[in-house]
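S.K.: Sequence and predicted model, in that order:
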Amino acid sequence: MRQLAGLFIATTLLAAPLRPAAAETMLSLSVPREHAYWIGDVLTHRAILALPEGYQLDRSTLPRSRSVTYWLDLKDVAVSPVKGSDEQALEITTRYQTFYAPLEPKRREVPAYLIRLNGPDGFRDLEIPAWSFVTSPIRPILATASPEELRPDDRYAPIDARRAQIATVVSALLGLVGLLGLAWHQAWPPFHHRAARPLTAAYRQVSRVARSGQEDRLRLVCLALHRGLDGAFKRPLLGADLDSFLAARSEFVPLQAPLQRFFAISGALFFAAPNAQDQAASDIALSEAPMLEIVDLAKRLAAVERGRL
Amino acid sequence: MAGVGLAASLWSWLRDCRRSLGLHVWIGLLAIGGIGAAVNGTTAVTLWLQAADLRALAAGRDVAVEPDAAPPLLHARALHLLARDRIAEAEVFGVQLVRAGDPDLLAGYRFTLGNARLRRAFSFIEVARLNDAIPEVALAKTAYRAALAADPEHYDAKVNLDIAMRLVRDLPRESLEGVGDPDARPKKVWTDLPGLPRGGP
């Protein structure tokens, strides 16, 4: 957008022989590009001012934002210190807006302005020089001015409610999740009838133990399934109580045969005579068949308990 | 060491409130969700009502708009009035838009105001009332310049300002230009109005 014009003006402000180097003000200008401007374009002009020791810019002498001429507005003026320079340097940024409507490309000149520097021995005036640019027409020179040529009115600016709608839905879902969680946590309806699932828990433990390579995993599997059945019966379930259990929980009737088989295996494992127990235990432990049977039974019991079978 | 003590106390506190943690989490979630839904729902309903008003204005039905309404609604009502050559009524909303401070909407309003002025000027030119047309063109140019000041990239405003400039060209005021800095020009003490004061003996 802009190019550094490389225009260095060393203005000798002070002819004091004792301080020749410090007496100069270095002014470097950054002028906006020269061509291709249309009506309404903004041009940014920068003047970088390296002040001599002890001198200060009198800010009241800066140009005010105003209409400079009938075709040129000065939009704003900003003064900022230049970073990274040893000396005391200021950057004066002026933004102009041209409203010249040329019939052909035409050079226009932006006028110079004066600023004042206050120093230890009085003030000095410094001129920021004039500069120029070429502005171009945007319509053909023979184009007529008629109502049909006018660009149409501004469009209606839409009001976008989508963000608020999405935020509402998300918040409502969040609140619903909170409400459901609270109801579940406090056992409010509809969660007040939720019963324990002892057989499901037992099946999970059975399958976990069966997969593990423990030495006495058959005993652990049996114990887990017993605890599950105890939970389902609401009191310890022994082999003799199986009929009353099935009478109370008729959904388990289809599994009567495997249940009886399970109690037989369990009885042989836990309650056989001491010498026979070793025999039975080694027989059963050596074969994988009872283990698979028990896992399958536990799976089917859990499925029945959750109403899947 | 203080950090270790703090961590230990935090851990014991966490262990203490683990029992009631679920309760607090769920209640917090419920509260956040409920408040969020209420606030956002109010906003959504307000915006939905405003959007309905805006659609009505865009469709050509006139809807009353309060002066403290949302900027897009002020803009829409001003556009609606300007398209119907009701410039004086629309300018009320222009003042409100300046106060709202949305540069895009303000530029759009100024541009449309310029269009309305220029259309009025063209209608005067058609019936050869040039003395009435010239001030309308000048007002249109002012409006377009204000639009460009708010949004220098507004190309429609550039084109229409160029059209207005071709109708009545800006010319330097001979008596004033050339003196130099406008700040340094002598103030005009006497008006240019012709004639003598009435009254007196």
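M.R.: Arrived safely, thanks for sending. Fair warning: this is a prediction, and the values are worked out from it, not measured in the lab. Numbering: from 1, shown residues only, chains lettered A, B, ... in the order given.
S.K.: how about the helices of the stretch 151-300 of chain A, start to end?
M.R.: A:162-186, A:198-211, A:217-233, A:242-248, A:256-271, A:274-286, A:289-305 (DSSP state H, counting those that start in this stretch).
S.K.: Make TSV out of those helices and add mean pLDDT and mean neighbour count.
M.R.: (Glycine included, C-beta is placed from N, CA and C.) TSV is the format used below for those (pLDDT from 0 to 100; neighbours: other CB atoms under 10 Å in any protein chain shown):
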stretch	mean pLDDT	mean neighbour count
helix A:162-186	91	16
helix A:198-211	87	19
helix A:217-233	87	20
helix A:242-248	88	13
helix A:256-271	86	16
helix A:274-286	57	12
helix A:289-305	86	18
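S.K.: Serialize those to a markdown table and add fields for distance to residue A:82.
M.R.: Below are the helices of the stretch 151-300 of chain A laid out as a markdown table (distance: least, CB to CB, whole Å):
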| stretch | distance to residue A:82 |
| --- | --- |
| helix A:162-186 | 42 |
| helix A:198-211 | 73 |
| helix A:217-233 | 80 |
| helix A:242-248 | 93 |
| helix A:256-271 | 90 |
| helix A:274-286 | 89 |
| helix A:289-305 | 79 |
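S.K.: which residue does chain B bring closest to chain A?
M.R.: Closest residue of chain B to chain A, CB to the nearest CB: residue B:33 (2.6 Å).
S.K.: just to confirm, which helix or strand has that residue in it?
M.R.: Assessed by DSSP states H and E, residue B:33 sits inside helix B:2-58.
S.K.: just the angle between that helix and helix A:162-186, please?
M.R.: 130 degrees (axes from the mean of the first three to the mean of the last three CA atoms, to 10 degrees).
S.K.: Ok, which of the helices of the stretch 151-300 of chain A comes nearest chain B?
M.R.: Comparing the helices of the stretch 151-300 of chain A by CB to the nearest CB, helix A:162-186 comes nearest, at 2.6 Å.
S.K.: how far does the closest one sit from the chain's center?
M.R.: 21 Å (CA atoms, centre = their mean, to the nearest Å).
S.K.: now stretch A:204-223
M.R.: 47 Å.
S.K.: if we can go back for a sec, tell me the contacts of the residue of chain B closest to chain A?
M.R.: The contact partners of residue B:33, by CB atoms under 8 Å, 6 or more residues apart in numbering or on different chains, come to A:171, A:172, A:173, A:174, A:175, A:176, A:177, A:178.
S.K.: just residue B:56 next, same as before
M.R.: residue B:63 are the contacts of residue B:56 under CB under 8 Å, 6+ apart.
S.K.: Report pLDDT for it.
M.R.: For residue B:56, the pLDDT comes out at 93.
S.K.: where's it relative to residue A:48, distance?
M.R.: The gap separating residue B:56 from residue A:48 is 55 Å, by CB to CB, to the nearest Å.
S.K.: which non-adjacent residue is nearest residue A:198?
M.R.: Leaving aside its sequence neighbours, residue A:198 sits nearest to residue A:231 (CB to CB, 6 or more residues apart in numbering or on different chains; 2.7 Å).
S.K.: surely the one you found meets residue A:205?
M.R.: No. Assessed by CB atoms under 8 Å, residue A:231 is found out of contact with residue A:205, at 11.7 Å.
S.K.: give me the number of residues near residue 121?
M.R.: If you meant another chain, say so; for now it's chain A. 9 (other CB atoms under 10 Å in any protein chain shown).
S.K.: Please refer instead to chain B.
M.R.: Applying other CB under 10 Å, we find 26 residues neighbouring residue B:121.
S.K.: what's the closest non-adjacent residue to it?
M.R.: Closest residue to residue B:121 apart from its sequence neighbours, by CB to CB, 6+ apart: residue B:136 at 3.8 Å.
S.K.: any idea how far residue B:44 is from the one you found?
M.R.: 43 Å.
S.K.: Of those two, which one has the most company?
M.R.: residue B:136 (24 against 20).
S.K.: Which residue is the nearest non-sequential neighbour of residue B:31?
M.R.: residue A:178 (7.4 Å).
S.K.: What spatial separation is found between the one you found and residue A:302?
M.R.: 31 Å.
S.K.: What is whichever helix or strand residue A:49 is part of packed up against?
M.R.: Residue A:49 belongs to strand A:42-51 when assigned by DSSP H and E. Counting contacts by 3 or more CB pairs under 8 Å, 6 or more residues apart in numbering or on different chains; DSSP states H and E, strand A:42-51 is packed against strand A:24-32, strand A:88-98.
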